[in-house]
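Peer 1: Kindly return the folded structure for what I paste below:
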Amino acid sequence: MTKMNVLVIMPTYNESMNIEHSVKKLFEFNPDVSLLIVDDNSPDGTGAIAASMATTDKRINVMHRKEKNGLAGAYMAGFAWGIERGFEYLVEMDADGSHRAEDLPAMLTAAPTSDLVIGSRWTRGGKVENWPWHRLVLSRGGNIYARIMLASKVKDMTAGFRVYKAGLLNRINLADLSARGYSFQVEMTRKSELDGANITEVPITFIEREHGVSKMSQSIVIEAMLLVTKLGFKRIFGR
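Peer 2: Now for the predicted structure:
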């Protein structure tokens with residue numbers, strides 16, 4: 001099989017307890033990928049840890065941003081960096097260990113025949129470990145609402161473990177994204193579907209982080225619901 005030109009993008013903010021282990025696991029199962037860590041000036045020294053790792057492994061690059069500016073901004077910066085350097089496949093992956101490195105090979109196997117591969121918790125074979133019941137209900141319910149409002153066939157629209165072809169990112173207009181947080185994933189799914197992209201969902205096992213504090217908050221959930229409603233009304237009423 002031809003070697004794939006893959007860049008994994010890991011946004012970080014206060015992930016000092018997770019970043020080294022996550023990077024080690026990534027390369028254990030995916031030794032041929034490159035990694036870009038996008039750190040938003042983490043007060044806990046995550047950026048310094050990442051920079052130290054980069055000095056001993058040429059596969060690792062680090063982008064130091066001046067302030068915490070949202071998940072969407074981190075990925076947009078990472079996409080631009082990767083596309084400029086000629087990477088064909090760009091991977092979104094959390095640094096907290098919730099996205100298992102051992103699930104990425106199956107996603108990359110599907111990538112050549114897909115514009116977007118989503119590591120899906122809610123497709124057949126996908127699952128979540130260590131979530132309380134109310135978070136399971138919130139995630140499943142939110143995805144069902146998004147699918148109905150946006151007439152989508154994607155079962156896990158909020159998934160954050162993804163492989164994009166650079167060609168798709170170049171085709172869709174990223175300049176008019178309105179989302180800053182996790183609703184970015186929904187908006188990107190919507191844009192991809194409107195483009196007519198070939199989207200494949202590959203089942204993964206999502207594991208809740210063991211160390212550090214989740215970035216999920218009530219404001220993030222509200223932002224996502226408002227965005228879905230806005231996009232749904234635009235689809236239905238054309239404005």
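Peer 1: count of neighbours near the closest residue to residue 171 other than its chain neighbours?
Peer 2: Excluding its sequence neighbours, the residue lying closest to residue 171 (CB to CB, 6 or more residues apart in numbering) is residue 195, at 5.7 Å. From N, CA and C alone the C-beta is placed, and that goes for glycine too. Using other CB atoms under 10 Å, residue 195 has 15 other residues around it.
Peer 1: Residue 195 and residue 201: what is the separation?
Peer 2: 17 Å (CB to CB, to the nearest Å).
Peer 1: returning to that earlier point: is it correct that the residue nearest to residue 171 is in contact with residue 168?
Peer 2: Yes - if you go by CB atoms under 8 Å, residue 195 and residue 168 touch, sitting 6.8 Å apart.
Peer 1: Need the overlap of contacts for these two.
Peer 2: Common neighbours of residue 195 and residue 168 (criterion: CB atoms under 8 Å, 6 or more residues apart in numbering): residue 115.
Peer 1: Look at residue 192 and say how many residues are nearby.
Peer 2: If we define neighbours as other CB under 10 Å, then residue 192 has 23 of them.
Peer 1: just checking, what packs against the helix or strand containing it?
Peer 2: Per DSSP states H and E: residue 192 is located in helix 183-194. Secondary-structure packing of helix 183-194 (3 or more CB pairs under 8 Å, 6 or more residues apart in numbering; DSSP states H and E): helix 71-84, strand 116-120, helix 133-150, strand 199-203, helix 218-237.
Peer 1: Using CSV, write out the CA atom coordinates for it.
Peer 2: Once non-C-alpha atoms are left out, helix 183-194 reads as follows in CSV (Å, rounded to 0.1, in the frame of the first residue of the first chain):
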residue,chain,number,x,y,z
SER,A,183,-20.4,23.1,17.4
PHE,A,184,-17.7,23.6,14.9
GLN,A,185,-18.0,19.9,14.2
VAL,A,186,-21.7,20.2,13.3
GLU,A,187,-21.1,23.1,11.0
MET,A,188,-18.2,21.4,9.3
THR,A,189,-20.4,18.3,8.7
ARG,A,190,-23.1,20.5,7.3
LYS,A,191,-20.7,22.2,4.9
SER,A,192,-19.3,18.9,3.8
GLU,A,193,-22.8,17.5,3.1
LEU,A,194,-23.8,20.6,1.1
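Peer 1: buried ones in that helix?
Peer 2: Of the residues in helix 183-194, 183, 184, 185, 186, 187, 188, 189, 190, 191, 192, 193 count as buried by neighbour count, 16 or more other CB atoms under 10 Å.
Peer 1: any residues touching that helix, and which ones?
Peer 2: Against helix 183-194 from outside (CB under 8 Å, 6+ apart): 70-72, 75, 115-116, 118, 146, 150, 152-154, 157-160, 162, 168, 172-174, 177-179, 199, 220, 223-224, 227-228, 231.
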